[in-house]
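J.: Return atomic coordinates for the entry below.
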Amino acid sequence: MPATPEKPAPATPRRKASRHRGEGQWAVGHFTPLNGNEQFKKDDDGLNVRTRIETVYSKRGFNSIDPNDLRGRMRWWGLYTQRKPGIDGGKTAVLAPEELDDEYFMLRVRVDGGRLTTEQLRVIGGISEEFARGTADLTDRQNVQYHWIRIEDVPEIWRRLEAVGLQTTEACGDTPRVILGSPVAGVAENEIIDGSPAIDEIQRRFIGNPEFSNLPRKFKTAISGSPQLDVAHEINDVAFVGVHHPEHGPGFDLWVGGGLSTNPKLGVRLGAWVALDDVPDVFAGVIGIFRDYGYRRLRNRARLKFLVADWGPEKFRQVLEDEYLGRKLADGPAPEQPAGVWRDHLGVHRQKDGRFYVGFAPRVGRVDGATLTKIADVAEAHGSGRLRTTAEQKMIVLDVEQEQVDSLVSALEALDLRVNASPFRRGTMACTGIEFCKLAIVETKQRGASLIDELERRVPEFDEPITINLNGCPNACARIQVADIGLKGQLVLDEAGNQVEGYQVHLGGALGLDAGFGRKVRGLKVTADELPDYVERLLKRFQAEREDGERFAVWAARAGEEALK
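T.: Residues are numbered from 1 along each chain as shown. Model prediction:
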């Protein structure tokens, strides 16, 4: 007997078919540009804009610059247009780019590993004085950053920098940016391993190389063999952290996928040990994964951290080994607890060769060309030809003989560069802010400098490690989420109901092996004018309520919300 036919299922409404475009990953065949940034990168490699700058734009002036070069490809050579003066923060997200653009540029000089000679620093200072109205900030990526640069002067600036071995190549853009390195690499007594040879080889092979000049977005690298964990490895796209392997000896623990901005993520360990000689190849493998598998459809998801979050560390390591290295990496140990609370190398420290290095702090990285030239002169007068910038907006003089140390410290302090710095001078950091940045909403540099002075006057007895980071917008260039006190710039209402500059507060963030993001206290926003009063009140509550040996971040995590307001 034939089977009874089944009753057909009721019809479901038909949905309009939509074509899934994917995430723009090259490795799965998605080569069609899905946004304007991907289109201009496909149209012409950003590295090629240098020729146009030298032969056309520097001769015909600002108005001759193609818009895709001006707001796109010129970043590949360290150039951003700066903010037009007089535009308040309320207009940052309202005005079109051409309305925010000034006819001057920010120019970023790469200082890979933070390594400078006195000759190089003197050239940096001279360029600042002649072409940048004296500006020359130290950044938290070990770079030096100029403002007020005219396009007509860029070729001459490049000539002077390159004559002493410096460059602006890929200092910005969707590229492998400056490589952070321990500022005491090769000299510290307690160093696990010197990563400088790997930094040099990565520079030689990959910086300015068209193979890696079109990434989904920026790519940040850190390499340090210091037990002080001094390069913020948790918030870089790739980081190599010094460790002792029980069988293979000193090498590096591999981390990937860190980054902050509006969607912060801490990097993750792959559990792999990397020998010094293998670091450049492993770097090429990680950046190759980012280039090929990274998300290119939406700019706000185009960082490596999103791919790592979706894949997980196990898959990422497998793809790295199978598709890019062609071999397995050795399993390895995690880094040990950081050596010391402060990781900025301030003060006087003995080197492994018996000489000394001396770390000092300007206010929030703000210096000028004349000061940098004086630093070079002071270092040379005390027998040093080498300096380092740090990932904390500080600087170090290397190779000082013992009999020269006291005189050097006095000379630096006379320039208001503190070797014996207060916790506030030592721990306060600020981004560029509204003075020059087109993304900023509030002022940061001067406010941070003033806050240091106020806190030194109001709570001179405070001697605990503290980090206070000010950012002019949500993008976290000054690492607000991982500071003890992180201040994110925004417009707020004062007591009279007027819209004024202010900050959303993040409390209790940290880097190190106990790394984590600060908490946001419900409803807590502070006007710029209230900021010194608020921070003073907060620090005094911490002093009154802390348990023996308790750090600020631990106290802030357990304190009630009322105590934090």
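
J.: Could you check which helix or strand contains A222?
T.: If you go by DSSP states H and E, A222 is part of strand 219-224.

J.: Mind checking what helix or strand follows that strand in sequence?
T.: Following strand 219-224 toward the C-terminus (DSSP H and E): strand 238-245.

J.: what's the angle from that next one to strand 219-224?
T.: When axes from the mean of the first three to the mean of the last three Cα atoms, to 10 degrees is applied, the directions of strand 238-245 and strand 219-224 differ by 20 degrees.

J.: Can you list the buried residues in strand 238-245?
T.: For strand 238-245, a neighbour-count test (16 or more other Cβ atoms under 10 Å) marks V238, A239, F240, V241, G242, V243, H244, H245 as buried. For glycine as for every other residue, the C-beta is placed from the backbone atoms N, C-alpha and C.

J.: about what we covered before: against which helices or strands is the strand holding A222 packed?
T.: Under the contact criterion of 3 or more Cβ pairs under 8 Å, 6 or more residues apart in numbering; DSSP states H and E, strand 219-224 touches strand 176-181, helix 196-206, strand 238-245, helix 279-293.

J.: out of the ones you listed, which comes closest to L493?
T.: strand 176-181 (37.4 Å; Cβ to Cβ).

J.: Dump the closest one to PDB, keeping only the CA atoms.
T.: What follows is strand 176-181, C-alpha atoms only, in PDB (Å, rounded to 0.1, in the frame of the first residue of the first chain):
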ATOM      1  CA  PRO A 176      53.300  48.600  11.400                       C
ATOM      2  CA  ARG A 177      53.900  51.600  13.600                       C
ATOM      3  CA  VAL A 178      56.800  52.300  15.900                       C
ATOM      4  CA  ILE A 179      58.100  49.300  17.800                       C
ATOM      5  CA  LEU A 180      58.200  49.900  21.600                       C
ATOM      6  CA  GLY A 181      61.300  48.600  23.300                       C
END
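
J.: quick one on the thing from earlier: how about residues contacting the strand holding A222?
T.: 113, 141, 175-177, 179-182, 185, 195, 198-199, 202, 230-233, 235-242, 252, 259, 279, 283, 287, 290, 304, 391 (Cβ atoms under 8 Å, 6 or more residues apart in numbering).

J.: hey, where'd the strands end up in the stretch 1-150 of the chain?
T.: Secondary structure of the stretch 1-150 of the chain, counting by DSSP state E, counting those that start in this stretch: strands at 79-83, 101-109, 115-117, 137-138, 144-149.

J.: Summarise which helices and strands the fourth one is packed against.
T.: Counting contacts by 3+ Cβ pairs under 8 Å, 6+ apart, strand 137-138 packs against strand 144-149.

J.: Kindly report the same for the third one.
T.: The contact analysis (3+ Cβ pairs under 8 Å, 6+ apart) places strand 115-117 against strand 386-389.

J.: do that again at 10 Å, thanks
T.: helix 118-131, helix 196-206, helix 369-381, strand 386-389, strand 395-400 (3 or more Cβ pairs under 10 Å, 6 or more residues apart in numbering; DSSP states H and E).

J.: So which of those has the densest surroundings on average?
T.: Among the helices and strands packed on strand 115-117, ranked by average contacts under mean count of other Cβ atoms under 10 Å, first place goes to strand 395-400 (a mean of 24).

J.: Just want the most central residue of the protein.
T.: R141 (4.4 Å; Cα atoms, centre = their mean).

J.: ok, which stretches of the stretch 351-500 of the chain are helices?
T.: 369-381, 405-414, 423-427, 445-458 (DSSP state H, counting those that start in this stretch).

J.: scratch that, the stretch 1-150 of the chain
T.: 36-43, 49-52, 58-60, 67-70, 97-100, 118-131.

J.: And those helices: which comes nearest R457?
T.: When those are compared by Cβ to Cβ, helix 118-131 sits nearest R457, at 30.4 Å.

J.: just checking, what packs against that closest one?
T.: Using 3+ Cβ pairs under 10 Å, 6+ apart, helix 118-131 sits against strand 101-109, strand 115-117, strand 144-149, helix 154-163, helix 369-381, strand 386-389.

J.: Repeat the analysis, applying 7 Å as the threshold.
T.: strand 144-149, helix 154-163, helix 369-381 (3 or more Cβ pairs under 7 Å, 6 or more residues apart in numbering; DSSP states H and E).

J.: How much space separates the closest residue to P264 other than its chain neighbours from V348?
T.: Leaving aside its chain neighbours, P264 sits nearest to Q481 (4.8 Å; criterion: Cβ to Cβ, 6 or more residues apart in numbering). Computed as Cβ to Cβ, to the nearest Å, the Q481 to V348 distance reads 32 Å.

J.: All the strands of the stretch 251-400 of the chain, in order from the start?
T.: Taking DSSP E, counting those that start in this stretch as the criterion, the stretch 251-400 of the chain carries its strands at 268-274, 330-331, 347-350, 356-360, 386-389, 395-400.

J.: would you list those in TSV and tack on mean pLDDT and distance to R546?
T.: Formatted as TSV, the strands of the stretch 251-400 of the chain follow (pLDDT from 0 to 100; distance: least, Cβ to Cβ, whole Å):
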stretch	mean pLDDT	distance to R546
strand 268-274	98	31
strand 330-331	98	39
strand 347-350	98	24
strand 356-360	98	27
strand 386-389	98	33
strand 395-400	98	31
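
J.: Just send the ones you listed back as TSV, with distance to L439 too.
T.: Below are the strands of the stretch 251-400 of the chain laid out as TSV (distance: least, Cβ to Cβ, whole Å):
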stretch	distance to L439
strand 268-274	28
strand 330-331	42
strand 347-350	35
strand 356-360	30
strand 386-389	23
strand 395-400	26
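
J.: For V154, which of these is the nearest?
T.: Set against V154 and scored by Cβ to Cβ, the strands of the stretch 251-400 of the chain come closest in strand 386-389, at 22.3 Å.

J.: can you count the residues close to R50?
T.: The number of residues packed near R50 is 19, by other Cβ atoms under 10 Å.

J.: Which residue is the nearest non-sequential neighbour of V554?
T.: The spatially closest residue to V554, leaving aside those adjacent along the chain, is G508, at 7.6 Å (Cβ to Cβ, 6+ apart).

J.: and if you look at A163?
T.: V123 (7.6 Å).

J.: and what of F356?
T.: Once flanking residues are discounted, F356 sits nearest to V400: 4.7 Å by Cβ to Cβ, 6+ apart.

J.: got a list of what the one you found touches?
T.: R355, F356, Y357, V358, H382, G383, S384, L408 (Cβ atoms under 7 Å, 6 or more residues apart in numbering).

J.: Surely the residue nearest to A163 and R159 touch.
T.: No: counting by Cβ atoms under 7 Å, V123 stays clear of R159, with 10.6 Å between them.

J.: one step back: okay, the strands of the stretch 1-150 of the chain in TSV with distance to S128 and mean pLDDT next?
T.: Below are the strands of the stretch 1-150 of the chain laid out as TSV (distance: least, Cβ to Cβ, whole Å; pLDDT from 0 to 100):
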stretch	distance to S128	mean pLDDT
strand 79-83	15	97
strand 101-109	10	97
strand 115-117	14	98
strand 137-138	10	98
strand 144-149	6	98
